[in-house]
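A.B. asks: my questions are about this predicted structure, shown below with the sequence.
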Amino acid sequence: MRSRVSRRDVLKVVAITGTAVPIVIGSAGRADADSGTTVLVGTVESAGTNGVVVRTPSETVKVLAAEGARMYSGADGEVTSTAEFHVGDRVGVEGTRTPQGLLATAVGSVFTPIEAQVTGLSADGSVADTSAGPILLTAGRLPGTAEQRRRQRAAGVGPGTVIRGLGWTHPGTGQRYLLVRG
């Protein structure tokens, strides 16, 4: 097992208990005529406190967060500002079209399924060597206390363990994250 883990080679394990991840995945530009809701998936071109600009295969859309919108960034977990999304991030958006853009009730980074088998652990148990590369066994900024996350990290991970979850790659750093349900 490697003693040094580069930022690009690490999957951060993020454990969630009892919460649903508010990620919207749909076809680009699909509109529900009955409800007036639009669902799209695209790439963040710019992000700031006044919204994000999302490019889809068919259009570029200004996305504004509605009051109380559910927002989830792959790097940061639940967020309260559109400024916390990253240029290059692939996001799903659900909302209503307005003259100013898409007023979003949900914006979330898109994760892809991943499965990795643990082949070894570091001496302190903080890094698992896996078939998908090294995984740093620490929790991120998600609901739950630090003690709950520490117990989840330590519970039952060893050689032969298969870790299943959803993967996300930070578009700026290339660092990989793994979201798992605890």
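C.D. replies: Thanks, I have the structure now.
A.B. asks: am I right that residue 129 sits in a strand?
C.D. replies: Yes - assigned with DSSP: H, G, I helix; E, B strand; the rest coil, residue 129 falls within a strand.
A.B. asks: what is the neighbour count of it?
C.D. replies: 19 (other CB atoms under 10 Å). Using the backbone N, CA and C atoms, a C-beta is placed for each residue, glycine as well.
A.B. asks: which residue ranges of the protein form strands?
C.D. replies: In the chain, the strands defined using DSSP state E lie at 11-16, 30-32, 37-48, 51-55, 60-73, 77-78, 90-98, 101-109, 112-121, 127-130, 133-136, 162-169, 176-181.
A.B. asks: can you say which of these is nearest to residue 84?
C.D. replies: Closest approach to residue 84 among the strands of the chain is made by strand 60-73 (5.0 Å; CB to CB).
A.B. asks: quick check: chain neighbours aside, which residue is closest to residue 44?
C.D. replies: Nearest non-adjacent residue to residue 44, counting by CB to CB, 6 or more residues apart in numbering: residue 89, 4.7 Å away.
A.B. asks: report the buried residues of stretch 127-139.
C.D. replies: Buried residues in stretch 127-139, counting neighbours by 16 or more other CB atoms under 10 Å, are found at 127-130, 132-137, 139.
A.B. asks: kindly report the same for stretch 55-62.
C.D. replies: 61-62.
A.B. asks: next: stretch 117-128.
C.D. replies: 118, 121-122, 127-128.
A.B. asks: now do stretch 96-108
C.D. replies: Those would be 101-108, for stretch 96-108 by 16+ other CB under 10 Å.
A.B. asks: and if you look at stretch 167-182?
C.D. replies: Within stretch 167-182, the residues that count as buried by 16+ other CB under 10 Å are 167-171, 175-180, 182.
A.B. asks: could you report the neighbour count for the residue nearest to residue 44?
C.D. replies: 23.
A.B. asks: cool, residue 91 as well?
C.D. replies: Residue 91 has 28 nearby residues by other CB under 10 Å.
A.B. asks: what bridges to it?
C.D. replies: residue 42, residue 109 (DSSP bridges).
A.B. asks: how about residue 168?
C.D. replies: Assigned bridge partners for residue 168, using DSSP bridges, are residue 177.
A.B. asks: distance of the nearest residue to residue 72 once chain neighbours are set aside from residue 69?
C.D. replies: Take residue 72 and drop its neighbours on the chain: the residue closest to it by CB to CB, 6+ apart is residue 108, 4.0 Å away. Distance, residue 108 to residue 69, using CB to CB, to the nearest Å: 10 Å.
A.B. asks: from the buried residues of stretch 167-182, which is closest to residue 54?
C.D. replies: Nearest to residue 54 among the buried residues of stretch 167-182, counting by CB to CB, is residue 171 at 13.2 Å.
A.B. asks: check contacts around that closest one.
C.D. replies: 44, 86-89 (CB atoms under 8 Å, 6 or more residues apart in numbering).
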